[in-house]
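Colleague: What follows is a protein structure lacking sequence information:
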DNA sequence: GCAAAAGTGTACCAAATGTTACAAACCGGA
DNA sequence: TCCGGTTTGTAACATTTGGTACACTTTTGC
């Protein structure tokens, strides 16, 4: 973060790289392709799609400039792309081979730090996601989610997602989520007014997580 | 990987570090502590424990020499240890501050590569674990697990885990796992003889994953 | 201000899994 | 060989969640 053109030019001096352009809907990489280069989205955006077992594809995520593509797969044991990548629009990608990229990392500490931060944050995100998925019941997921959102201080929280989005995030159906929420209300643990939720009994909410 | 004493000495030249020793059962770090140093287990082993919401602690993992401690938390957005770390036995730790460690990474490409590989592999592992957890039914988990184990060629696989261990890995109860397996047998998709499993119909097994 | 769309609360039944219990098959050592 | 512990197979019942449908409320766009 925070590199100007002059600094960039200095860093890229003596580094081999190439810029590739793709048109809208053009396939950038195929799932299973070997991942030997760092690919950076310079302009435009691409989407990662995973081939469903049925053959139909589902979108995993959008990657917009200036983010890297599959940063966790350039290194590590598995060097094959897990997804198909397709251009959302006209897009240009900066491609740098692994050895060249290592040179850059060794040359500039800011880039090294940024890259380490990026993949570390991803590992942390995945880790917290797994912790979340390990809660068995919907009640537990709600309790964990609300307590996290409220922190130590607050008793009233505003949901940042619609019920349907929240249900998808939880990996459950919307009616099931509404039902579980309704039970918590009936038991006097929370009060709800559409997206506004007041936590009445944090102690009991915590108890839910004991399993 | 693959650094001898002379090489190490050369790398560590001019680097500030310290070696700390802990006795058995001594607490090495507290959950919530800020993580500003790389900590490397030189000898002995430590365990990571998470404080349950009940107050009781559960063991997360053992870390033995020569592995690093919480490598994903030295960088990234969240720089606080997620777990308590306690010495399993007399243990010595090599501690290097983040700036000093960055110096090392810039100085030696092998260490840089090793470190990048380590974090990346972890992210990949977590990612595949999430994919696995996202299968809804036990049948799907079994199918995915067996197909992965068998690969393209084999039809007969030997389970490396007991049914109880497998159930825990799947995050389900043992009887439920046995029941689901029994149904697959009844439907003629597999044959089982305790831990030995023959996949009779790979096509149908694949179809299960379509959901 | 009205109509359409989106979001929410609730009910019903079906499907999947957890819980508990017990019997049968295996395995190791005396 | 026999015995005890472990692993595996199975059953009955309770609980949780998914699937679907529908009424109601709120927001959005015209």
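Modeller: Yes, it's here. This is a predicted model, so every value here is computed, not measured.

Colleague: which helices and strands sit right next to the longest helix along chain A?
Modeller: As assigned by DSSP state H, the longest helix anywhere in chain A is helix A:109-133. Packing contacts for helix A:109-133, counted by 3 or more CB pairs under 8 Å, 6 or more residues apart in numbering or on different chains; DSSP states H and E, involve helix A:98-107, helix A:138-150, helix B:98-107, helix B:109-133. The way it works is simple: take the backbone N, C-alpha and C, and place the C-beta from them, glycine included.

Colleague: how close does residue A:153 get to residue A:94?
Modeller: Distance of residue A:153 to residue A:94, given as CB to CB, to the nearest Å: 44 Å.

Colleague: Those two: which is more packed in?
Modeller: Remark: of residue A:153 and residue A:94, residue A:94 carries more neighbours, 19 against 5, as counted by other CB atoms under 10 Å in any protein chain shown.

Colleague: For that one, give its distance to DNA strand D.
Modeller: 36 Å (CB to the nearest atom of the strand, to the nearest Å).

Colleague: Look at that residue and tell me its secondary structure.
Modeller: Following DSSP: H, G, I helix; E, B strand; the rest coil, residue A:94 is assigned to strand.

Colleague: pLDDT wise, what is it at?
Modeller: Residue A:94 is assigned a predicted lDDT (pLDDT) of 93.

Colleague: Which residue ranges make up each domain of chain A?
Modeller: A:5-123, A:133-208 (automatic domain parsing).

Colleague: Between the ones you listed, which one is closest to DNA strand C.
Modeller: Of all those, the one in closest proximity to DNA strand C, counting by CB to the nearest atom of the strand, is domain A:133-208 (3.1 Å).

Colleague: how much distance is there from that closest one to the middle of the chain?
Modeller: Distance of domain A:133-208 from the chain centroid (CA atoms, centre = their mean, to the nearest Å) equals 22 Å.

Colleague: which bits of chain A sit near DNA strand D?
Modeller: A:136-139, A:171-176, A:179-180, A:194 (CB under 7 Å from any atom of the strand).

Colleague: just curious, which of those residues is nearest to residue B:27?
Modeller: Closest to residue B:27 out of those is residue A:136 (30.1 Å), distances taken as CB to CB.

Colleague: Secondary structure element holding the residue nearest to residue A:185 when sequence neighbours are not counted?
Modeller: Distance criterion CB to CB, 6 or more residues apart in numbering or on different chains; nearest residue to residue A:185, sequence neighbours excluded, is residue A:192 at 5.7 Å. For residue A:192, the host element (DSSP states H and E) is strand A:190-193.

Colleague: Per-residue pLDDT of residue A:58, please?
Modeller: So, for residue A:58, pLDDT stands at 59.

Colleague: Residue B:112 is in contact with residue A:105, correct?
Modeller: Yes: contact status for residue A:105 versus residue B:112: in contact at 6.5 Å, counting by CB atoms under 8 Å.

Colleague: related to what we said a few turns ago, now the strand holding residue A:192: mean pLDDT?
Modeller: pLDDT averaged over strand A:190-193 gives 87.

Colleague: Of the residues of chain A next to DNA strand D, which is the nearest to chain B?
Modeller: residue A:171 (7.2 Å; CB to the nearest CB).

Colleague: returning to what we had before: quick one: check the longest helix of chain A for contact with DNA strand C.
Modeller: No: Helix A:109-133 does not reach DNA strand C (CB under 7 Å from any atom of the strand); its nearest approach is 13.1 Å.

Colleague: Just want the angle from that helix to helix A:98-107.
Modeller: Orientation of helix A:109-133 against helix A:98-107 (axes from the mean of the first three to the mean of the last three CA atoms, to 10 degrees) gives an angle of 110 degrees.
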